[in-house]
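[1] fold the following.
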Amino acid sequence: MNRLIKLIPISLLQLCLVITVKAQDAGDFSATVLDMSRTYLGGSARMQGLGGAQTSLGGDISSASSNPAGLGFFNRSEFSFSPTLNVISSSSDYLESSVNDSKLNLNFANLGVVLNKTKGDLVESKWRGGSFGLSLNRIADFQNRITYEGNSYNPVDSNGDIVLDANHPKDFIEYTVLSSGIDGNGNLTYNGNSFVELAYETYLIDVFPISATESIVDRDIYATDENGALLTDNSGNPIYIPAFPELNYPTKQREVINSKGGIYQTSISYGGNYNDRVYFGAGIGILSIDRDVERIYTEEPTQATLRRLTLIDNYNISGIGINATFGIIARPLPFLLLGTSYTTPSYYGMEQTQETILQADYTSSTDYRNAYHDWTITYEPFNYNISTPSRISAGATFFFGKIGFISTDIERVNYSGAKLNNGDDGFTFSDYNQVVDQFESAFNYRLGTEFRFDMFRVRAGFNYLGDPTDDNIDNSESKVSIGGGMRTKDFFVDLGIVNSLGRNSTIMPYPGASVAEVENTNTTATISVGFFF
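    Predicted structure coming up:
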C-alpha cells in the first residue's frame, strides 16, 4: 500500500533518526544547514595539491570562485577541465561489531575558461587590464557509504534477569510499541509517528485486550523453536512474542546508508590589474545543490515467525542559490603577495522529497495475513529557504625567486549566522534555528608549497577545517595533499591527490537505540588539463 501525506518537519523531541554532523536523516534540518555551510575550496588539481591555499595566489581558474582578484594575474586566455576520482571509506563500531565499507565516485572538480584582455608592456598605463572568468566548481561533496551491524539484547542484571528499559528499546518493533497509544475506543493511535503506522500496517504490532476494559499495544509476531516450528501453549494457540519478552532473544540489526550528490558553484567573475601591484576582483556565484540519501535498515529476530523487517528511507534535497565574492591582492614587495577575500552569505531556495517503506517478511502465512507485507508513505514536497554564513579569508604568498613559493591562508566562518526560514504552511523552524544558533565560529587553515624544475612542478599542502560544534565529538577535518605537473607555452597537465580525515559521526537507527560510531576517510585524485590561447 502507498499513502501520500504532507512532509512537515517534526520537532526535535520527535526526531525519528538521530545523527551528528552528517545529515543522513530527512528531518535533521540543522545538520543539513551545517553540511551546506562546510564548503571547501577544491578547484583545479594545482590548487588541490596546494591544500587550497589560494587567497593570495592568482593565475588559476580556481580564483573565479575563491578570490576573483587572482584573475588579474592572467596575461593570456585559458581553458581547463578537471575530472576527479573519489575513494570514500567508512569504518563503524556498533554493539561490539566493526564494519568497513567504501565506494568509488567520478565527477568534475572544475571546468572553466578565462578570457584575458591586458595591455602590452609598450603601452604606458598603470591600468593593465584584466580577465573574465567563467567556472564550474564543486564546493561540497556528499558522497558516502556507511554500513553498521550488530546483535541487540535487552540488558540483564547481576542475577541474569532481563532489565526492561523503556528509554532504550531493544529493537525497532519495541520502539514502535512504546511510541504508540490507544484511543478511547480501544483503537491504536500513531501519536504523529510514521514508524508506528508502518509497523501496524505490516502486522508487526497490534492492540491486544487484557481485560474487559483494558488493552495494550504489543508485538504481533509469534515464537518458534530452534528448527523454525511454531510454538503453542497448552490449548494449541500460537505463543506470540511480547514487546518485552521473558527470554532474551537477540535481534540482528544492520543498516546501509548510501549518500550521493554535491554542491556546484558557477562563478562569473572579473579580475583587474593595476600596475602589477594591486589586483582586485568581484564575482557572482550561482549555486546548485542535489543530495540523495538512501537508508536501508534491517532487523532479523531470533526464533520468530518474522524472518526479517526492512525499513527503506529515501529522501532528496535540491535547490538553487546565489552569493557574491570580492577580493584584493597586493604585491608590496617583489617576493610577497598579500590577499583577502569576502564571500557573502549564500541564499538557497530548497525542495525536499521523501518516501519511507517498511517490508515485513514472515516465515509463513496465517489465516489473517500473508507471508509478506509492505507499506509505503510518500510525502508531499516540502519547500523552504536556507542561508549559509559568510566567510572572510586572508593569505600570504612568499616567493623564492623562480624556484617556488609557499602560500598560507586563514579563513573565518561564523556558522551561527546560518538560518532556516519560509517553510511550507508557515513552518518557522524555531527548534532547528535554536540548534543552529549554538554553532560556533570556526577557523580554517590552509598551507601549500610549490617547487619548480624547468617545466615540471612538485606540490604539497595541508588544510584544516575547524569544528563548529560543541557536542563532545571532534568534528574537525584535516586534509593532506600532494601534487605535481608540467607546463609548456601551449598547455599544462596537473595532478592533485588529497587525503581527508575526520568528520566522525554518530548514528541511531531509531530513537533510544544503541549508537553507531562512524569514522570517514576520503581520498581524491584530480587531473587538470588546460590549454592557453
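[2] element containing the nearest residue to residue 85 once chain neighbours are set aside?
    Of all residues not flanking residue 85 in the chain, residue 525 sits nearest, at 4.9 Å (C-beta to C-beta, 6 or more residues apart in numbering). To be clear about C-beta, it is placed using only N, CA and C from the backbone, and glycine gets the same treatment. Assigned by DSSP states H and E, residue 525 belongs to strand 516-532.
[3] same deal with residue 36?
    Residue 36 is located in helix 29-37, with elements delineated by DSSP H and E.
[4] and that helix, what other elements does it pack with?
    For helix 29-37, the contact count by 3 or more C-beta pairs under 8 Å, 6 or more residues apart in numbering; DSSP states H and E identifies strand 372-388, strand 419-421, helix 430-437 as packing neighbours.
[5] next, the buried residues of stretch 437-449.
    Residues of stretch 437-449 classed as buried: 439, 442, 444-449 (neighbour count, 16 or more other C-beta atoms under 10 Å).
[6] ok, stretch 461-476 next?
    Neighbour counts over stretch 461-476 (16+ other C-beta under 10 Å) mark 461-469, 475-476 as buried.
[7] hang on, residue 268 packs against residue 322?
    No - counting by C-beta atoms under 8 Å, residue 268 does not reach residue 322; the two are 11.0 Å apart.
[8] would you map the helices across the stretch 1-150 of the chain?
    Per DSSP state H, counting those that start in this stretch, the stretch 1-150 of the chain carries helices over the ranges 29-37, 45-49, 63-66.
[9] in TSV, list these along with mean neighbour count and mean pLDDT.
    Output for the helices of the stretch 1-150 of the chain, formatted as TSV (neighbours: other C-beta atoms under 10 Å; pLDDT from 0 to 100):
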stretch	mean neighbour count	mean pLDDT
helix 29-37	24	90
helix 45-49	32	96
helix 63-66	33	95
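[10] right, and those - which one's nearest residue 496?
    Taking C-beta to C-beta, helix 45-49 is the member of the helices of the stretch 1-150 of the chain nearest to residue 496, at 3.5 Å.
[11] what's that closest one packed up against?
    Going by 3+ C-beta pairs under 8 Å, 6+ apart, helix 45-49 lies up against strand 456-465, strand 477-487, strand 491-508, strand 516-532.
[12] least reliable of those by average pLDDT, please.
    Of all the helices and strands packed on helix 45-49, strand 491-508 carries the lowest average pLDDT, namely a mean of 90.
[13] starting at the chain centroid, how far to that strand?
    Distance, stretch centre to chain centre, for strand 491-508: 14 Å (C-alpha atoms, centre = their mean, to the nearest Å).
[14] CA atoms of that strand as CSV?
    C-alpha atoms of strand 491-508 as CSV (Å, rounded to 0.1, in the frame of the first residue of the first chain):
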residue,chain,number,x,y,z
PHE,A,491,49.2,23.6,-22.4
PHE,A,492,49.5,22.2,-18.8
VAL,A,493,48.7,19.0,-17.0
ASP,A,494,48.5,18.8,-13.2
LEU,A,495,47.7,16.0,-10.7
GLY,A,496,46.5,16.6,-7.2
ILE,A,497,45.9,13.9,-4.6
VAL,A,498,44.1,14.8,-1.3
ASN,A,499,43.5,12.5,1.7
SER,A,500,40.8,13.7,4.1
LEU,A,501,40.5,12.5,7.7
GLY,A,502,37.8,13.4,10.2
ARG,A,503,34.1,14.3,10.2
ASN,A,504,33.3,11.5,12.5
SER,A,505,29.6,10.9,13.1
THR,A,506,27.2,9.0,15.4
ILE,A,507,24.0,7.3,14.1
MET,A,508,21.0,5.7,15.8
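[15] about what we covered before: can I get the helices of the stretch 1-150 of the chain in CSV with distance to residue 86?
    Formatted as CSV, these follow (distance: least, C-beta to C-beta, whole Å):
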stretch, distance to residue 86
helix 29-37, 16
helix 45-49, 12
helix 63-66, 20
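[16] what's the closest of the ones you listed to residue 213?
    Of all the helices of the stretch 1-150 of the chain, helix 29-37 comes closest under C-beta to C-beta, at 43.0 Å.
[17] count the residues that sit near residue 107.
    18 (other C-beta atoms under 10 Å).
[18] and the buried residues of stretch 461-476, which is closest to residue 531?
    Nearest to residue 531 out of the buried residues of stretch 461-476 is residue 461 (C-beta to C-beta; 24.9 Å).
[19] quick one: the strands in the stretch 301-450 of the chain?
    Ranges of strands within the stretch 301-450 of the chain are 306-333, 336-343, 346-362, 372-388, 391-399, 404-414, 419-421, 441-453, based on DSSP state E, counting those that start in this stretch.
[20] state the distance from residue 253 to residue 167.
    Distance, residue 253 to residue 167, by C-beta to C-beta, to the nearest Å: 18 Å.
[21] the more surrounded of these two?
    A count of neighbours by other C-beta under 10 Å puts residue 253 above the other of residue 253 and residue 167, at 25 against 7.
[22] what pairs with the more buried one across the strands?
    With DSSP bridges as the criterion, residue 253 is bridged to residue 150, residue 299.
[23] wait, it sits on residue 169?
    No - here residue 253 does not reach residue 169: they are 11.5 Å apart, not a contact under C-beta under 8 Å.
[24] which residue packs closest to residue 437, ignoring adjacent ones?
    residue 416 (5.4 Å).
[25] the residue nearest to residue 393 when sequence neighbours are not counted pairs with what?
    Using C-beta to C-beta, 6+ apart and skipping the chain neighbours, the partner closest in space to residue 393 is residue 411 (3.9 Å). According to DSSP bridges, the partner residues bridging residue 411 are residue 393, residue 444.
[26] any idea how far residue 156 is from residue 411?
    Residue 411 is 51 Å from residue 156, by C-beta to C-beta.
[27] with neighbour numbers in mind, choose between these two.
    residue 411 (22 against 11).
[28] chain center to the helix holding residue 36: distance?
    A distance of 8 Å separates the centroid of the chain from that of helix 29-37, by C-alpha atoms, centre = their mean.
[29] equivalent analysis for stretch 166-186, please.
    The answer for stretch 166-186 is 31 Å, by C-alpha atoms, centre = their mean.
[30] that one spans what distance, first to last residue?
    End-to-end distance for stretch 166-186: 22 Å, by C-alpha to C-alpha, to the nearest Å.
[31] all set now, cheers.
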